[in-house]
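Asks: One predicted model, sequence on top.
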Amino acid sequence: MHANYIAGHWVEGDGITRNINPSDTSDVVGVYTQATLSQVDDAIAAAEAAAPAWGSTTALQRADMLDAIGTELIARKDELGRLLAREEGKTLAEATGEAWRAGTIFRFFAAEAVRLRGDRLPQLRPGVDVDITREPVGVVGLITPWNFPLAIPAWKIAPALAFGNTVVLKPAELVPGCAWALADIISRHGVPPGVFNLTMGRGTVVGQAILDDPRVAAISFTGSAATGKRIAEAAMRRLAKVQMEMGGKNPLVILDDADLDRAVDCAVQGSFFSTGQRCTASSRLIVQRGIHDRFVSAMKTRMDSLRTDNALLPGTDIGPVVDARQLQQNEDYLRIGRDEGATLVHGGERLRRDTDGFYFSPALFTDCDNSMRVCREEIFGPVAAVILVDSYEEALAVANDTEYGLSAGICTGSLKHATHFKRQAQVGLVTVNCPTAGADHHAAFGGRKGSSYGSREQGTYAAEFYTTVKTAYTAP
Ligand SMILES: NC(=O)C1=CN([C@@H]2O[C@H](COP(=O)(O)OP(=O)(O)OC[C@H]3O[C@@H](n4cnc5c(N)ncnc54)[C@H](OP(=O)(O)O)[C@@H]3O)[C@@H](O)[C@H]2O)C=CC1
Ligand SMILES: O=C(O)CCC(=O)C(=O)O
């Protein structure tokens, strides 16, 4: 049994989660405990008690610990990648890349800890100095989803600790293995008891208890828009600082002058890699008339060559869907799309493989209209909808006609259109001749409209959420 990590101790709760491999449902990755409400209370109390001392450590002390954690993650990327692929279903290559990415994130924030800057402003009143410094927020609650079980916890935990906060992490119940492995590594690199706590269990129980606790000063959440709204309401009720990264319905625009091979690469990677289970996935492919038929035909050819199979097998391009519920959701949207008049031109089938898993072939719809539900609602699976347009102007209008605003891409050879799109796309992340998915850890990550709320994650921008600004006037 894998236990929670609370106040520097491994503690068993009273329920269990069996972590099932979506590539092979007979494979139990591990058995994980679920925190009781009193254990969540203990974790928050420990984090609160540890906060003053941790906030007073030197930046170099914190940097050294984060660097050591990152170094271990990178050194063990193959083993951790295997664990991730087993519990979440990403291909081994993607999962190993994610383990490496988690390590580089810790190392990046190790350096950020010592780079945190303040300001000294000119005096306005004679003899009165004005300084601006950034201080830790206090106890932060981190609630994370299943689709990036190492990278997302890493990009929340690392800046939180770097800037002197203490942490209570609630990972998604579907993927406790990576969170537990991360806690195990953190516990062995000198982080004092109470500074980092892991409480596993259900969102509606453990997550809700963290959300509602007044000692938790800030909440960082990634997950669905529906849960995000509940998180926002709970945070607002008690005026907690909150940051939320939610869904997307991300457009990839393909203009007549695009390089066809590159456009197909971007679409296939963005729509189907990681089984389409990314908030940055390209789920709407907005294609200009002159290239439309060639693009659809080239997509079908490329999709024929994609192997959907066990995530651990070499040669697998697309792993399984994460669980039976998500598989059902994907299939429901295929039916909804067909009923609305879209044409399924490729994939969308449940597949049988040597092991019993949730296999679903990437699906491509054509003849889509942006008002259809498959073009408006996040499916969170390997399903892309092609929308035909006549001009760049129409493509931009369709791209922006969504309640979401996370990422948007354009494939074009035109500097004029690329430049205009970069400025006019109503999103937080815009790409030109690159997939809409796949963010770098040193750059700001987040969106607009219904996709995100609060300040940006990652890069130097993360300091905004994990610190609070203090202005000091001093007459020496
Ligand atoms: N944009 C994104 O990055 C993601 C979007 N999604 C979308 O969300 C759908 C459902 O996925 P799911 O994982 O259930 O997403 P959720 O939004 O339900 O879950 C995200 C996290 O929030 C937790 N949570 C759930 N309810 C509460 C609550 N009341 N209070 C506090 N925490 C809570 C979950 O816990 P637990 O699940 O352990 O109970 C999980 O840790 C997907 O089909 C997909 O459409 C999912 C993942 C990521
Ligand atoms: O595209 C990425 O690399 C990150 C995507 C992400 O954060 C998500 O899907 O939740």
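Replies: Perfect, thanks for sending it. Ligands and ions are numbered 1, 2, ... in the order given.

Asks: Pull the number of nearby residues for Leu285.
Replies: A count of nearby residues for Leu285, using other C-beta atoms under 10 Å, gives 29. (Each C-beta comes from the backbone N, C-alpha and C, glycine too.)

Asks: The spatially closest residue to Cys279 that is not a sequence neighbour: which element?
Replies: Ranked by C-beta to C-beta, 6 or more residues apart in numbering and with sequence neighbours excluded, the top spatial neighbour of Cys279 is Gly248, at 4.7 Å. Gly248 is part of no helix or strand, with elements assigned from DSSP states H and E.

Asks: so what's Gly248 up against?
Replies: Cys279, Thr280, Ala281, Ser283, Glu378, Tyr404, Gly405, Leu406, Ser407, Gly447, Ser451 (C-beta atoms under 8 Å, 6 or more residues apart in numbering).

Asks: so who does the last one touch?
Replies: Going back to what we said before, that points to Ser451. So Ser451 contacts Ala225, Glu245, Met246, Gly247, Gly248, Cys279, Tyr404, Gly405, Leu406, Val427, Gly428 (C-beta under 8 Å, 6+ apart).

Asks: Please state the offset of the lengthiest helix in the chain from the chain centre?
Replies: Identified as the longest helix of the chain according to DSSP state H is helix 92-115. Relative to the centre of its chain, helix 92-115 is centred 14 Å away, using C-alpha atoms, centre = their mean, to the nearest Å.

Asks: For stretch 354-363, buried residues please.
Replies: Residues of stretch 354-363 classed as buried: Thr355, Gly357, Phe358, Tyr359, Phe360, Ser361, Pro362, Ala363 (neighbour count, 16 or more other C-beta atoms under 10 Å).

Asks: out of these, who's nearest ligand 2?
Replies: Pro362 (16.6 Å; C-beta to the nearest ligand atom).

Asks: and that closest one, what pLDDT?
Replies: At Pro362, the pLDDT value in this model is 98.

Asks: Give me the most central residue, this protein.
Replies: For the chain, the residue nearest the mean C-alpha position is Ile152 (5.0 Å; C-alpha atoms, centre = their mean).

Asks: check contacts around the residue nearest to that one when sequence neighbours are not counted.
Replies: Nearest residue to Ile152 in three dimensions, chain neighbours excluded: Thr144, at 4.8 Å (C-beta to C-beta, 6+ apart). With contact taken as C-beta under 8 Å, 6+ apart, Thr144 is in contact with Ile152, Pro153, Lys156, Leu169, Lys170, Pro171, Ala172, Ala179, Phe221, Thr222, Gly223.

Asks: on that earlier part again, buried set for the longest helix of the chain?
Replies: Under 16+ other C-beta under 10 Å, the buried positions of helix 92-115 are 92, 94-110, 112-113.

Asks: helix/strand/coil for Ile210?
Replies: Per DSSP: H, G, I helix; E, B strand; the rest coil, the secondary structure class of Ile210 is helix.

Asks: host element of the closest residue in space to it that isn't next to it in sequence?
Replies: Leaving aside its chain neighbours, Ile210 sits nearest to Gly141 (4.0 Å; criterion: C-beta to C-beta, 6+ apart). Assigned by DSSP H and E, Gly141 belongs to strand 139-143.

Asks: which helices and strands does that strand pack with?
Replies: Here strand 139-143 touches helix 37-55, helix 151-162, strand 166-170, helix 208-212, strand 216-222, going by 3 or more C-beta pairs under 8 Å, 6 or more residues apart in numbering; DSSP states H and E.

Asks: Show me what the last one is packed up against.
Replies: So that's strand 216-222. Secondary-structure packing of strand 216-222 (3+ C-beta pairs under 8 Å, 6+ apart): strand 139-143, helix 151-162, helix 208-212, helix 225-237, strand 241-245, helix 463-466.

Asks: Also the second one?
Replies: Other elements packing on helix 151-162 under the criterion 3+ C-beta pairs under 8 Å, 6+ apart are helix 59-75, helix 92-115, strand 139-143, strand 166-170, helix 176-187, strand 216-222, helix 463-466.

Asks: Show me what counts as buried in that helix.
Replies: So for helix 151-162, counting by 16+ other C-beta under 10 Å, buried means Ala151, Ile152, Pro153, Ala154, Trp155, Lys156, Ile157, Ala158, Pro159, Ala160, Leu161, Ala162.

Asks: Also the fourth one?
Replies: By neighbour count with 16+ other C-beta under 10 Å, helix 208-212 contains the buried residues Gln208, Ala209, Ile210, Leu211.

Asks: surely the second one meets Val40?
Replies: I take that to be Ala209. Yes. In this structure Ala209 lies within contact range of Val40 using C-beta atoms under 8 Å: 4.3 Å.
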